[in-house]
Structure formats: C-alpha cells, structure tokens
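Participant: Build the 3D model from these lines:
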Amino acid sequence: MSRCPVIQKKILLSRLIKTFSKLTLLRHPFYLVLRLENRSKISQPHYKNSMQKLLLIFSLLSLSFTLAAQKVTVSAGPEVLRSFNHDQTFIGVGGSVEAQKWIKERLTLGLNTGYYKFTATKTLIGNNTKPSYSIIPVLAVIHYPLPITPNLYGEDHMGYSFVQDAIYPKTGEKVQGGFTYYFALGYTIKNKIDISIKVGRARLNKKDNPSNVNEHNLGLRLAYIF
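Facilitator: As a prediction, the model looks like this:
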C-alpha cells in the first residue's frame, strides 16, 4: 500500500511531461507546416522542395542578421581636384562615397567610388571650347591610423577608373579607363567630419599614345561620417 502514492506520482509526472512536450511542439515554427503536409498527403518531392524553401528562407534571415551586426562606417562629401605635371591644367569637381569596415588593430578596409567632372582652365587654340572629361573610380581602400597625433590617418586607394569624353589624339580612339592609385592623408573631427587631401594618378596614357587629359591629380575632400 505504501507504493501506491509513489506510483501515482510517477504516472502524474509522466502525463505532465507528455502534455509539456505537446505544448512545446505546438509552438515550434515548423509544426504547422509538417501537420498540413501530413494531412494533405503531399508527395515526397514536394515535401523536399518545401523543406528546401524553408531552409533557404532561414539561411537568408541568418545572413541578414549577420550583415546587420557588422559595423560599417560610411562617409560622403564633395571633392575638388587639380591636375599637375601636364601642359594643360584641369580642375575637377565632384563627390565620393566611402564605406569602411574595421578588421583588426590598425587596419580598416573599404571601398570608394564617386563621380568627377574635369574641365581645362584654357580654351583650345582656334576654338572657344574647353576640353572636359568625366571619371568614375571604383577603388579598394586600406585605412590605417598614423601615430603622429590622434585622429590622423593614411589611406591607400587602388582600383580602376572609367572615363568618358576623353580620346587618344593620335588615333582618335576613346579612352575607356585605367588603373588608378591615390594616397590620402586625412583627419577626423569628433568622428563626424572627415577632411583629407589626396594625390595620385589614373593611368590613362598608352605607350607612345598619350591621351588628351591629365593623369595626375591633387585633391581635397570634405566628408560627413554617418
């Protein structure tokens, strides 16, 4: 007789566990899908496709949360450039956007792109028009702090620049673009304002066939950090 209460407790505990398991399963997000598929007697191939879609959705959601967790710094602002080391001087006006991701101590990687319109300072002989061209650079960025003073940094920009309205005078062929490199020296103010100067070159000239535009530029950038 003394064992009856113990047996009753075990039976009650077993029932509670089963009830809790059912409630937990009902809360599972895949329970409704599995239940509907079993009721409608869906074929095996369709069941696999449904599960693949669910897994794909889950993977995309996981990727979205991962990307959202990544801290990316974006800055954007106007730029003014002036060419040098050329017979004809060009002034460029435009703007750029730069996105950066911190990798580890003293190393940040990023991407930079923008649009610039260059116009010559002098008109052509016998023509009242001034030569002009535009350029769209797509550059990888290596950003690193300089231990001279806080908020001072250096950047290496390298990539390719697409060019419009430039030609090779000898052949009349259009300039498509060329490899581009810039070094930038900058300073940030309260992590909101970014001021930098840069110097570099877009290699547009071909061997023994120079273009009608300038390859070398010195620029000033004033950007806001988002």
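Participant: which regions of this protein sit below the pLDDT cut-off?
Facilitator: Per-residue confidence for the chain (pLDDT under 70) gives these ranges: 1-70, 85-86, 125-126, 214.
Participant: Repeat the analysis, applying 90 as the threshold.
Facilitator: Along the chain, the parts satisfying pLDDT under 90 run over 1-72, 84-89, 102-107, 120-132, 166-175, 202-216.
Participant: quick check: domain ranges of it?
Facilitator: With automatic domain parsing as the criterion, the domains of the chain are listed as 4-69, 72-225.
Participant: what's around residue 109, how many residues?
Facilitator: 13 (other CB atoms under 10 Å). Every residue, glycine included, has its C-beta placed from N, CA and C.
Participant: Check which residues of the helix or strand hosting it are buried.
Facilitator: Here residue 109 sits within strand 107-120, counting by DSSP states H and E. For strand 107-120, a neighbour-count test (16 or more other CB atoms under 10 Å) marks 108, 110, 111, 112, 114, 116, 118, 120 as buried.
Participant: got it, and stretch 183-199?
Facilitator: Of the residues in stretch 183-199, those buried under the neighbour-count criterion (16+ other CB under 10 Å) are 184, 186, 188, 194, 196, 198.
Participant: For the last one, list each beta-bridge partner.
Facilitator: Read that as residue 198. In this structure, residue 198 bridges to residue 184, residue 219 when assessed by DSSP bridges.
Participant: For residue 213, which non-adjacent residue is spatially closest?
Facilitator: residue 166 (4.6 Å; CB to CB, 6 or more residues apart in numbering).
Participant: List the residues that contact the one you found.
Facilitator: Contacts for residue 166 (CB atoms under 8 Å, 6 or more residues apart in numbering) come out as 133, 174, 175, 204, 211, 212, 213.
Participant: Provide a complete list of residue ranges assigned to helices in this structure.
Facilitator: 4-27, 31-40, 44-69 (DSSP state H).
Participant: number of nearby residues for residue 135?
Facilitator: The tally of other residues near residue 135 (other CB under 10 Å) stands at 26.
Participant: burial count for residue 203?
Facilitator: Here the count is done by other CB under 10 Å, and residue 203 has 13 residues near it.
Participant: can I assume it is in contact with residue 180?
Facilitator: Yes: judged on CB atoms under 8 Å, residue 203 makes contact with residue 180 at a distance of 7.1 Å.
Participant: Residue 141: which of the buried residues of stretch 183-199 is nearest?
Facilitator: When those are ranked by distance to residue 141 (CB to CB), residue 184 comes first, at 8.6 Å.
Participant: Let me see the contact set for that closest one.
Facilitator: When the contact criterion is CB under 8 Å, 6+ apart, the partners of residue 184 are 154, 155, 156, 157, 196, 197, 198, 221.
Participant: Kindly report the same for residue 157.
Facilitator: By CB under 8 Å, 6+ apart, the neighbours of residue 157 are 112, 137, 139, 140, 141, 180, 181, 182, 183, 184, 198, 200.
Participant: Good, we can wrap up now.
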